[in-house]
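S.K.: Dropping the sequence and predicted coords here.
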Amino acid sequence: MISLDNIHVTFGEGTPLETRAVRGISLDIQEGEFVTVIGSNGSGKSTLLNTLSGETLPTSGKIQVGDQDVTKWSTAERAKLIARVFQDPLAGSCENLSIEENMALAWYRGKPKGFGSALNSSNREIFKKQLSRLGLGLENRLKDKMGLLSGGQRQAISLLMSSLQPAKILLLDEHTAALDPKTAAFVIDLTCQIIEENKLTSLMVTHSMQQALEVGTRTIMLHEGKIVFDVKGDERKGLTVVDLLDLFKKNQQGEELSDDSLLLG
Amino acid sequence: MSTIAALGALESGLVFALVAFGVFMTFRILEFPDLTVDGSFPLGAAVSAIMIVSGVNPWLATIAAFGAGMMAGVVTAWMNTKLGILNLLASILTMIALYSINLRIMGKPNVALLGETTVLTPTESWGMPYYWATPLAFSVVVLIMFFFLLKFLNSQPGLAMRATGANARMARAQGINTDRMIILGVAVSNGLVGLAGSLFAQSQGSADITMGVGVIVIGLASVIGGEAIITPKTMLLALVACVVGSILYRFAIALALNADFIGLKAQDLNLVTAVLVAFAIVAPKLKANLSARFSSSKKQ
């Protein structure tokens, strides 16, 4: 489904500030897999996701989705295949537009645009139905501006928006990091529901090892722009955070993981 | 203020409502501070004046002014999106370049249109004085553009354009080509301003190289002033605010300059404009402050 072939991303190449964010990642993700991605700050998680979404073009390497080579595609072109939820709840929607207008934007994702009215009674009905499943009463606030909602509400709507059009791939970039624990649990539940219903192939970046093991079908860990381990299936079942740390130590020839937030999260 | 002066204020208010629409599209919809309008206003005037003087159909000349304005907008937006020049700087560069281009088009600093057949010539047979007929004709043009823009801003591409200005990263993630939206929006905006320049020249009887000076300030004054009066909750209200702001601005200027007791003269126009714009920007804050103070003192 998704195949990354020896991806390198270097920022500011040839300058004193040169950063090699991703250093040769190759990864094959099967259709329907739900991959959780962990790694400390600066390990290349976000860059990997940006490379997939098209915001960052790889310095070298090849990206394939299905049998299409999308390496040179822009973000807008890839939007037909890829839906995305951002870390910052404010980034995934427009605060100056109403709830229904935001949803309409997602409704037309990857569709040819005509000059008809963006909102009509039939798509409003669909938006209402989708919003009512959140149980937050938002279905009665279609005309409210997005900026009036809380971070959790906005993140939940971003998730709904990602499922309005049949995308093949869902990218989640620490999308619960800015939420309180209760709201985060709600959003994670919703995420799992949406992924299951729409049979999406998903990549979720997370800061918490616990969360990385609890959801999804496969876990990869990045360190200094490389994949240090990749577990799935039976091998992944029953793994604990301590096991992950041992795995990391083994693969890094004894180097200790020093990022506290990864252990505490 | 006499009837003729009031109708004159209404007439220029209507022409500058078109400028306000354009400025609203760039500054508010796209969040693109575009100063090209100071050049595309006289560009529209120059193009249609020179065509009318050479005997071209005035309607064709007016449409050509819209097209010329659009081209100026495309140049600005192209420099910004494809060459990566800061939007404000790109628009200033186009504005400066247009000064030379406008002189080249006209061949001299001023082209008179007195006695020529313009789009306003048919209004002479309406059986009313010109100072009634011209504002009436212009209000038809403004109304047509109003409905066209309203329909567009609520359509799918219109929504895509609004998302481009509000959150470009999200817009791209929803499959919107933001560069194309910026180019289209800035082009239509300057097309409207070119049209306004053309109508202004035809009603004033000449196109002049200096007529663009300060157009952006008047446009902004109209948009901001209109928003201070009508809260733009929907696209419909936002466009109404542009028209109301533009007409009220003209009346405020006319009143200020006509009120003998203040002692202002025509040369004080730009000073009055600047004060009015500053006031319109501060007015909503003052209002909020006053009402907060008033309600808190009531509680005590």
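M.R.: Alright, I've got the coordinates.
S.K.: Could you use CA atoms for every contact and neighbour count after this?
M.R.: Will do.
S.K.: Can you name the residues of chain A that neighbour chain B?
M.R.: A:53, A:75-80, A:83-84, A:91-97, A:101, A:105-106, A:108-110, A:113-119 (Cα under 8 Å from any Cα of the partner chain).
S.K.: ranges for the strands of the stretch 1-150 of chain B?
M.R.: With strands called from DSSP state E, counting those that start in this stretch, the stretch 1-150 of chain B shows them at B:110-112.
S.K.: go on, the stretch 1-150 of chain A?
M.R.: A:2-11, A:19-29, A:34-39, A:60-65, A:68-69, A:82-85.
S.K.: As a markdown table, those with distance to residue A:180 would be great.
M.R.: Shown next, in a markdown table, are the strands of the stretch 1-150 of chain A (distance: least, Cα to Cα, whole Å):
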| stretch | distance to residue A:180 |
| --- | --- |
| strand A:2-11 | 32 |
| strand A:19-29 | 30 |
| strand A:34-39 | 20 |
| strand A:60-65 | 34 |
| strand A:68-69 | 39 |
| strand A:82-85 | 17 |
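S.K.: Looking at these, which one is packed in the most?
M.R.: strand A:82-85 (a mean of 28; mean count of other Cα atoms under 10 Å in any protein chain shown).
S.K.: what does it rub up against?
M.R.: Strand A:82-85 is contacted from outside by A:53, A:92, A:155, A:158-159, A:162-163, A:167-173, A:175, B:173-174, using Cα atoms under 8 Å, 6 or more residues apart in numbering or on different chains.
S.K.: Surely residue B:272 touches residue B:254?
M.R.: No. In this structure, residue B:272 is not within contact of residue B:254 by Cα atoms under 8 Å, at 10.3 Å.
S.K.: Report the set of residues contacting both of those two.
M.R.: By Cα under 8 Å, 6+ apart, no residue touches both residue B:272 and residue B:254.
S.K.: Just give me the neighbour total for residue A:196.
M.R.: 13 (other Cα atoms under 10 Å in any protein chain shown).
S.K.: Pop out the phi and psi values for it.
M.R.: phi -70, psi -50 (degrees, to the nearest 10).
S.K.: Just send the strands of the stretch 1-150 of chain A back as JSON lines, with distance to residue B:194 and mean pLDDT too.
M.R.: JSON lines is the format used below for the strands of the stretch 1-150 of chain A (distance: least, Cα to Cα, whole Å; pLDDT from 0 to 100):
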{"stretch": "strand A:2-11", "distance to residue B:194": "43", "mean pLDDT": "89"}
{"stretch": "strand A:19-29", "distance to residue B:194": "48", "mean pLDDT": "89"}
{"stretch": "strand A:34-39", "distance to residue B:194": "53", "mean pLDDT": "90"}
{"stretch": "strand A:60-65", "distance to residue B:194": "46", "mean pLDDT": "91"}
{"stretch": "strand A:68-69", "distance to residue B:194": "44", "mean pLDDT": "89"}
{"stretch": "strand A:82-85", "distance to residue B:194": "40", "mean pLDDT": "88"}
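S.K.: Not counting sequence-adjacent ones, nearest residue to residue A:141?
M.R.: In this structure, residue A:141 finds its nearest non-sequential neighbour in residue A:99, 7.5 Å apart by Cα to Cα, 6 or more residues apart in numbering or on different chains.
S.K.: what's near enough to touch the one you found?
M.R.: A:141, A:142, A:143, A:144, A:145, A:146.
S.K.: Let me know how buried residue A:242 is, in neighbour terms.
M.R.: 11.
S.K.: What helix or strand is it located in?
M.R.: Assigned by DSSP states H and E, residue A:242 falls within helix A:241-251.
S.K.: Could you turn the buried ones of the contacts of residue A:99 into a ChimeraX selection?
M.R.: Only the buried entries of the contacts of residue A:99 go into this ChimeraX selection, using 16 or more other Cα atoms under 10 Å in any protein chain shown:
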select /A:142,144,145,146
